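Asker: With the sequence up front, the predicted model follows.
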Amino acid sequence: MNYWLMKSEPDTFGIDHLAARPNQTEPWDGVRNFQVRNWLRDDMKVGDLAFFYHSSCKIPGITGIVKIIKAGYPDSTAFDPASKYFDPRSTEAKPLWYRVDVKLVKKFAEMITLQQLRAVPALQSMRLLERGSRLSITPVTAKEWETILKLAA
DNA sequence: GCCAACGTTGGC
DNA sequence: GCCAACGTTGGC
C-alpha cells in the first residue's frame, strides 16, 4: 500500500467541499502533468491513503486524510469540449489523462501548516518540500506518513 | 503581485 | 533532438 499527498486550492475545492459531497467522495480529475498522470494510472490503488493539502492560499498545509476508493481510470473531462480540462489529444479509445476517486477519511482539527512541516528534521527530504516542487500529487513514504500523523495528534 | 522553478511547446 | 520561449505553479 502506498501513501500520497494531493494538493488542491481551497477556494476551488477544499476539504470542506469534499466533506459536503454525497458519500464524501469525489473524482480527482483535471491532472494534466505526465509524471502525475503515471502515478494516477499505474500506482494509486484502492485503499491507498493520501494527505489532503491546501495550496495557493494564505496558510498552505495538510488539512486531512483521504482514501483512494477507485484506482486510475480515464479522466472524461478531457473528452468534453466544454470542460476547461478538455484535451483533444485524449480519446476514449486512447485516453491520455487519468483520475482516481477519493473519499474523505478525516479532517484534522488543526491544519498542519507547511511551515510546521519544514521545521521537522525527519521530513527534510520529503518530496513536497523539495525546491521547486510543483507536482499536484507526490508520493509520501511510510516513515513520513507516520511522522506527520504524530503532528496531527 | 512578484518571481523562481520547471514542464511543455514548437521552430529549426 | 536541441533549446529558447512560453505558461503554470505556488510560496512569499
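Answerer: Happy to help now that I have it.

Asker: to the chain's geometric centre, what's the distance from whichever strand or helix holds residue A:5?
Answerer: Assigned by DSSP states H and E, residue A:5 falls within strand A:3-8. Distance of strand A:3-8 from its chain centroid, counting by CA atoms, centre = their mean, to the nearest Å, is 3 Å.

Asker: Which residues of chain A lie near DNA strand B?
Answerer: Taking CB under 7 Å from any atom of the strand as the criterion, chain A approaches DNA strand B at residues A:33-35, A:130-134. For every residue, glycine as well, the C-beta is placed using N, CA and C.

Asker: 10 Å instead, please
Answerer: A:31-37, A:56-58, A:87, A:89, A:130-135 (CB under 10 Å from any atom of the strand).

Asker: Point me to the residue of chain A nearest DNA strand B.
Answerer: Residue nearest to DNA strand B within chain A (CB to the nearest atom of the strand): residue A:132, separated by 1.8 Å.

Asker: No further queries at this time; thank you.
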